[in-house]
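Undergrad: the following comprises the amino acid sequence and a computationally predicted model.
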Amino acid sequence: MLGTIVVHGGAGFWRRYVRRGLRGVSASASAGIEVLRRGGSAVDAVEAAVCVMEDDPVFNAGRGSSLNLKGSVQMDAAIMNGRDLSAGAVAMVRSTKNPVHLARLVMEKTDHVLIGGEYAERLARAFLLPTINPITPEKRKLFMELKRCSSNRRIRWLKKNSVLLREHPEAISSDTVGAVAVDGEGDFAAAASTGGIALKLPGRIGDTPQIGCGLYSDNRSGAATVTGLGEVAVRLVLSKATCSLMENGSSALRAATLGVTDASRRLCGDAGIIAIDSKSRIAAVHNTPLMPWAYCTVKMKNAHASAKGKIVAPLR
């Protein structure tokens with residue numbers, strides 16, 4: 001099979017940051033495809049691609065993660081190997097530089113799939129993973145602005161989303177980052193990482209570390225990752241649903257389109273999906289104004305990046 005990688009930087013508004021987002025997803029896809037060109041696995045490729053976005057503060061993952069209601073960061077990440085359905089995930093991580101690295105350790109070095117909080121951090125320290133302070137001045141400033149609005153009773157997160165989006169669209173200008181890939185051996189993989197929604201309740205865990213919701217990968221079908229409001233992806237088990245459609249014969253584009261349409265019609269939720277099917281066909285679909293994404297194959301000289309994929313039933 002032709003080695004291919006697809007990445008996204010999050011479905012949302014993006015407005016002021018779209019150029020930075022496009023540069024970021026292009027760099028991410030380039031890093032992943034270099035792994036495949038050197039003979040690395042799909043798992044290696046998606047991990048490398050997500051790490052690039054975790055290190056770029058324009059994305060809501062790793063450095064640059066959104067702050068929760070208490071002004072701290074709790075990051076989630078996951079990775080899955082389609083060859084044997086092995087998977088690893090972490091939740092509520094505070095200081096690990098690259099949570100996707102830690103998720104892979106859970107997959108390969110433990111008998112578990114998901115580890116959260118303090119004990120995920122202990123595992124990171126045991127393997128000497130680098131740490132950082134993920135709170136950037138930009139995200140701290142945004143947090144203070146949102147808190148001021150909250151104190152004025154103008155915002156009630158999740159209950160008053162329309163007000164929040166009108167007054168502070170940058171609050172969800174980016175979301176989960178993700179990558180899917182297939183290598184030359186025909187093995188698929190998916191990875192994702194996020195800081196979660198701004199002003200979330202401490203302890204909230206979204207779709208990203210929940211296998212089948214935020215991501216899924218199976219050599220029988222392909223791979224998919226989801227971005228948008230995590231609660232929507234959890235309720236619809238959106239990544240697994242997308243992969244099941246591909247396993248039953250749908251192309252990546254049709255499966256992703258049906259998934260995003262379902263999110264729009266049934267739950268009126270923001271959603272975006274990138275996918276790659278068993279025939280190496282790719283898709284990037286969303287119902288938000290923008291979703292920076294990029295793809296590359298081992299035969300392409302440079303990654304192709306775009307601010308929009310196929311837009312399905314836009315909510316705004």
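TA: Cool, got the structure.

Undergrad: per-residue pLDDT of the nearest residue to Gly39 once chain neighbours are set aside, please?
TA: Excluding its sequence neighbours, the residue lying closest to Gly39 (C-beta to C-beta, 6 or more residues apart in numbering) is Gly184, at 7.5 Å. Quick note: C-beta positions are derived from backbone N, CA and C, even for glycine. At Gly184, the predicted lDDT confidence score is 95.

Undergrad: next one: Ser162
TA: Per-residue pLDDT puts Ser162 at 46.

Undergrad: how about Val50, phi and psi?
TA: Main-chain dihedrals, Val50, degrees, to the nearest 10: phi -70, psi -40.

Undergrad: oops, could you answer that again for Thr225 instead?
TA: The phi and psi torsions at Thr225 (degrees, to the nearest 10) take the values phi -130, psi 150.

Undergrad: mind showing which ranges of the stretch 1-150 of the chain have poor pLDDT?
TA: The stretch 1-150 of the chain contains residues with pLDDT under 70 at 1, 147-150.

Undergrad: what ranges do the helices span in it?
TA: Assigned by DSSP state H, counting those that start in this stretch, the helices in the stretch 1-150 of the chain fall at 18-37, 42-54, 99-109, 117-126, 137-151.

Undergrad: distance to Thr261 added to the ones you listed, as TSV?
TA: TSV is the format used below for those (distance: least, C-beta to C-beta, whole Å):
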stretch	distance to Thr261
helix 18-37	24
helix 42-54	26
helix 99-109	29
helix 117-126	35
helix 137-151	31
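
Undergrad: out of these, flag the one nearest Ala305.
TA: With C-beta to C-beta, the closest approach to Ala305 among these belongs to helix 18-37: 4.2 Å.

Undergrad: quick one: distance of that closest one to the chain centre.
TA: Relative to its chain's centre, helix 18-37 lies at 14 Å (C-alpha atoms, centre = their mean, to the nearest Å).

Undergrad: ok, stretch 4-14 next?
TA: On C-alpha atoms, centre = their mean, the centre of stretch 4-14 falls 8 Å from the chain's centre.

Undergrad: what's the span of that stretch from first residue to last?
TA: For stretch 4-14, the first-to-last residue distance is 26 Å (C-alpha to C-alpha, to the nearest Å).

Undergrad: same check on stretch 60-75?
TA: One end of stretch 60-75 to the other measures 9 Å (C-alpha to C-alpha).

Undergrad: equivalent analysis for stretch 75-90, please.
TA: Using C-alpha to C-alpha, first and last residues of stretch 75-90 are 8 Å apart.

Undergrad: what residues of it count as buried?
TA: 75-83, 86-90 (16 or more other C-beta atoms under 10 Å).

Undergrad: just to revisit the earlier point, mind checking the helices of the stretch 1-150 of the chain for the one nearest to Met246?
TA: Across those (criterion: C-beta to C-beta), the nearest stretch is helix 42-54, sitting at 15.6 Å.
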